[in-house]
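In: the amino acid sequence is not available; the structure is as follows:
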């Protein structure tokens, strides 16, 4: 057993160069097609909030807009608490990278809300689906041609796995899978926000046809407390994703994430570009 | 028949004082408990995007964070296209009001994405529920004590109406209703974004118990084209809302909006504060 740093913690390492100003580096272990896995970009923005000395409370909502792909190398995160109320705090966030001439370019915008939460009446209206446990399904083994970030996650599909044949036979967009970081890592808010973006494009499943696709905007609502995340530990999450509408180049996706005990940890939505 | 201006158009009237800088006035006709109806605030932010001379394409997504209540009177909207790509444009938005000392205070932050859309393969995965048509259900008649903005909308509940008794007997959070502006007004993107916020707090329905509640953040994904909105005209929309998780002071809500022809016009989500 080694004490090496988990790749997600390497990817989320930020150094603060001024109040609310952070510097980070893209991580090759989370590389996607033309930039980092969007889930890790979302997690990095949330990390800036978590590390901000003025933060009030824990994450409640996060919206990330992918304006342009990050290029490999360093980037700047700006995190500003624009308004702090008694129990909620509103954040605006930006990622900037230097262009070829060295001028700063916005690659990503985001907003977040953190909140101090109190115990209240609570209830769920979307119970965890009754599915076999995580070990009942084998983990996907990615081939050498797979995008690198896929190797950073253990995915055990229950239904709605990647089509085996791209033959246009698709008729639904529902995926359910067990998931966790690989290697396993204790869950926290940043890791949870990345996991909310784990699903392959719904349009591939709905059509059984592979077209270029990429997330434009994602929102994560956090229902769990830090304590519940700590209790979840390195356990699996059950993730469920479904497309609602596919129209003229964009589809939306709704996501629910439960822990093995059946606690809803987060819900998420995104709007995704697709070609053709 | 008069040619008076529709109250929504009055509420959304903005004058541009500098590039991307707009001035507006809260409208008494859309007043809620302690500020304007949040849907109209969302519509106002989108209006600033629609009126910006540099806008590319039509609305694709809008996220509005309600940092603090607007007070009655004038406000400033700042709308900045922070990045313009070939077919998408990313916006950051802020509403500011002067505090008692005249200093500008952020009441609302938002981001939006506009996009030039092209005809592609399209499909829906959430068909409109089979429900009786709009005229099968009477419109709600609001009493004199109702919040003023409620009188600006025609609402014809099918299921999940406001509980008749606050007796703690609630057991679900699903509402379906037919809705449109009152008086009727041709649908456009701004009106649609307001309609996405029309539902009373899910926690009231789920508990049959009334507690203070207010939207913290709302996201709207636009699936319809301007042409489809024009075709919808002054017709009714079928709105469906459901809570997913109610936990320690906040619940989330998912929304779908179809026109009478069964076309999904928008999907929306929000996270809402509730007390107790």
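Out: Yes, it's here. Predicted model only: the values in this text are computed from it and were never measured.
In: give me the distance between the nearest residue to residue A:150 once chain neighbours are set aside and chain B.
Out: Closest residue to residue A:150 apart from its sequence neighbours, by CB to CB, 6 or more residues apart in numbering or on different chains: residue A:142 at 4.9 Å. To be clear about C-beta, it is placed using only N, CA and C from the backbone, and glycine gets the same treatment. The gap separating residue A:142 from chain B is 27 Å, by CB to the nearest CB, to the nearest Å.
In: also residue A:275?
Out: Distance from residue A:275 to chain B, counting by CB to the nearest CB: 7 Å.
In: then residue A:186?
Out: Residue A:186 is 21 Å from chain B, by CB to the nearest CB.
In: surely that residue meets residue A:226?
Out: No. Checked against CB atoms under 8 Å, the pair residue A:186 and residue A:226 is beyond contact range at 11.1 Å.
In: quick test: name the residue nearest the centre of chain A.
Out: residue A:194 (2.4 Å; CA atoms, centre = their mean).
In: contacting residues around the helix or strand encompassing that residue?
Out: Residue A:194 belongs to helix A:189-195 when assigned by DSSP states H and E. With contacts defined as CB atoms under 8 Å, 6 or more residues apart in numbering or on different chains, helix A:189-195 is touched by A:8, A:12, A:37, A:39-40, A:42-44, A:46-47, A:50, A:58-59, A:62, A:153, A:179-181, A:185, A:220, A:222, A:224, A:226, A:229, A:237, A:239, A:257, A:265-266.
In: so for it, what gets flagged as buried?
Out: A:189-195 (16 or more other CB atoms under 10 Å in any protein chain shown).
In: mind putting those into a markdown table with pLDDT?
Out: Formatted as a markdown table, these follow (pLDDT from 0 to 100):
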| residue | pLDDT |
| --- | --- |
| A:189 | 98 |
| A:190 | 98 |
| A:191 | 98 |
| A:192 | 98 |
| A:193 | 98 |
| A:194 | 98 |
| A:195 | 98 |
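In: just send these back as TSV, with distance to residue B:162 too.
Out: TSV is the format used below for these (distance: CB to CB, whole Å):
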residue	distance to residue B:162
A:189	35
A:190	39
A:191	40
A:192	34
A:193	35
A:194	39
A:195	37
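In: where does the stretch 151-276 of chain A dip in pLDDT?
Out: Within the stretch 151-276 of chain A, not a single segment meets pLDDT under 70.
In: circling back to that earlier point, any idea how far the helix holding residue A:194 is from the middle of the chain?
Out: Between the centre of helix A:189-195 and the centre of its chain there are 5 Å (CA atoms, centre = their mean, to the nearest Å).
In: how far away from the center of its chain is the helix or strand that it is followed by?
Out: Proceeding C-terminally, helix A:189-195 gives way to helix A:202-207 as the next helix or strand, assigned by DSSP H and E. Counting by CA atoms, centre = their mean, helix A:202-207 is centred 19 Å from the centre of its parent chain.
In: could I get the full set of helices for chain A?
Out: For chain A, applying DSSP state H gives helices covering A:7-11, A:38-51, A:189-195, A:202-207, A:226-232.
In: of those helices, flag the one that's most buried.
Out: Mean neighbour count (mean count of other CB atoms under 10 Å in any protein chain shown) peaks for helix A:38-51 among those, with a mean of 26.
In: report the spatially nearest residue to residue A:47, omitting neighbours in sequence.
Out: Leaving aside its sequence neighbours, residue A:47 sits nearest to residue A:12 (CB to CB, 6+ apart; 4.6 Å).
In: wait, doesn't that neighbour sit right on residue A:45?
Out: No. With contact defined as CB under 8 Å, residue A:12 and residue A:45 do not form a contacting pair (10.1 Å).
In: any idea what the residue nearest to residue A:173 when sequence neighbours are not counted is bridged to?
Out: Nearest residue to residue A:173 in three dimensions, chain neighbours excluded: residue A:243, at 3.7 Å (CB to CB, 6+ apart). Beta-bridge partners of residue A:243, counted by DSSP bridges, are residue A:253.
In: residue A:243 against residue A:255, yeah?
Out: No. Using CB under 8 Å as the test, residue A:243 is too far from residue A:255 to be in contact (10.6 Å).
In: near chain B, which residues of the stretch 51-200 of chain A show up?
Out: Within the stretch 51-200 of chain A, the positions adjacent to chain B are A:60-61, A:63, A:65, A:67-68, A:82-83, A:85, A:88, A:90, A:92, A:94, A:105-107, A:109-111, A:113, A:115, A:117-126, A:172-173 by CB under 8 Å from any CB of the partner chain.
In: give me the buried subset of these.
Out: Neighbour counting over these (16+ other CB under 10 Å) leaves A:60-61, A:63, A:65, A:67-68, A:83, A:88, A:90, A:92, A:94, A:105-107, A:109-111, A:113, A:115, A:117, A:120-121, A:124-126, A:173 as the buried ones.
In: who's in contact with residue A:272?
Out: Counting by CB under 8 Å, 6+ apart, residue A:272 touches A:201-203, A:213-216, A:250-253.
In: before we move on, what about residue A:147?
Out: With contact taken as CB under 8 Å, 6+ apart, residue A:147 is in contact with A:31-33, A:37.
In: same check on residue A:53?
Out: Contacts for residue A:53 (CB under 8 Å, 6+ apart) come out as residue A:19.
In: how about a cut-off of 10 Å?
Out: Under the criterion of CB atoms under 10 Å, 6 or more residues apart in numbering or on different chains, the neighbours of residue A:53 are A:16, A:19-20.
In: what do you get for residue A:58?
Out: Residue A:58 makes contact with A:49-50, A:114-117, A:189, A:222, A:224-227, A:229 under the criterion CB under 10 Å, 6+ apart.
In: now render those as a markdown table, adding distance to residue B:98.
Out: As requested, these are exported to a markdown table (distance: CB to CB, whole Å):
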| residue | distance to residue B:98 |
| --- | --- |
| A:49 | 28 |
| A:50 | 33 |
| A:114 | 26 |
| A:115 | 26 |
| A:116 | 28 |
| A:117 | 32 |
| A:189 | 35 |
| A:222 | 33 |
| A:224 | 38 |
| A:225 | 37 |
| A:226 | 37 |
| A:227 | 41 |
| A:229 | 40 |
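In: just the residues you listed now: which is nearest residue B:27?
Out: For the contacts of residue A:58, the minimum distance to residue B:27 (CB to CB) is 29.4 Å, reached by residue A:115.
In: now do the contacts for that closest one.
Out: For residue A:115, the contacting residues are A:56-61, A:85, A:87-89, A:222, B:216, B:248-250, B:271, B:273, by CB under 10 Å, 6+ apart.
In: which of those fall in strands?
Out: Those of those mapping onto strands are A:58-61, A:88-89, A:222, B:216, B:250, B:271, B:273, per DSSP state E.
In: out of these, who's nearest residue A:73?
Out: Nearest to residue A:73, judged by CB to CB, of the ones in strands among the contacts of residue A:115 is residue A:59 at 27.1 Å.
In: show me what contacts that closest one?
Out: By CB under 10 Å, 6+ apart, the contact set of residue A:59 is A:46, A:49-50, A:91, A:112-115, A:188-190, A:192-193, A:220-222, A:224, A:226, A:266.
In: verify the stated contact: residue A:22 with residue A:77.
Out: Yes. Taking CB atoms under 10 Å as the definition, residue A:22 is a contact partner of residue A:77 at 4.3 Å.
In: got any residues that touch both of those two?
Out: With CB under 10 Å, 6+ apart, residue A:22 and residue A:77 have common neighbours A:14, A:16, A:44-45, A:47-48, A:51, A:93, A:95.
In: picking that back up, count residues in the vicinity of the residue nearest to residue A:150, would you?
Out: When neighbours are defined as other CB atoms under 10 Å in any protein chain shown, residue A:142 has 14 of them.
In: and residue A:204, what does it touch?
Out: Listed by CB under 10 Å, 6+ apart, the contact set of residue A:204 reads A:162-163, A:166, A:170, A:173, A:210-211, A:213, A:274.
In: so which of those would you say is closest to chain B?
Out: Distances from chain B to the contacts of residue A:204, taken as CB to the nearest CB, are shortest for residue A:173 (5.0 Å).
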